[in-house]
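Asks: Provided below are the primary sequence and the corresponding predicted coordinates.
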Amino acid sequence: MLPVLSLRRLPQTWVRSIPLRYYTTPKFTNQAEESIYNKLKENLKPEELTVKDISGGCGAMYQIKIGASAFQGMGLVAQHRKVNEILSQELQGMHGLQLDTYAVKQK
């Protein structure tokens, strides 16, 4: 019979620190993820941005969720075109891209 891992066996300080570390800085699984994140952040200055490699680590497929005030007044297709334009170099080596874009109201 295989041993069962219980959370009670983990040190309490380690268990408490998991959510804090998760929310403080974005975690990237590879350099391409970080490069895409930085390029979008620099060009669109989004209020929300997540980039995930969903290809199993080979970098062929990415999922991007981005909310930016730069998308104000733009339709969904125009928002996607803007992201594709910014990532034109990166898209050449990709198999696919899942985009979830939305406009954030300026305060």
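Replies: Great, that's in hand.
Asks: In this protein, mark out all the helices, start to finish.
Replies: 12-24, 31-44, 76-86, 88-91 (DSSP state H).
Asks: which stretch in those has the least confidence?
Replies: In terms of average pLDDT, helix 12-24 trails the rest of the helices of the chain, at a mean of 49.
Asks: L44 reaches Q72, doesn't it?
Replies: No: in this structure L44 lies outside contact range of Q72 using Cβ atoms under 8 Å: 11.5 Å. Bear in mind the C-beta positions are built from the backbone N, C-alpha and C, glycine included.
Asks: Let's see the pLDDT reported for the nearest residue to S55 once chain neighbours are set aside.
Replies: Sequence neighbours aside, M61 is the residue nearest to S55 in space, at 4.0 Å (criterion: Cβ to Cβ, 6 or more residues apart in numbering). Turning to M61, the model gives it a pLDDT of 91.
Asks: Could I get the contacting residues of M61?
Replies: For M61, the contacting residues are D53, I54, S55, M94, H95, G96, L97, Q98, by Cβ atoms under 8 Å, 6 or more residues apart in numbering.
Asks: Q31: which of those residues is nearest?
Replies: Among the contacts of M61, D53 lies closest to Q31 (Cβ to Cβ), at 10.4 Å.
Asks: Quick check: bridge partners of the residue nearest to S55?
Replies: G96 (DSSP bridges).
Asks: No more questions from me, cheers.
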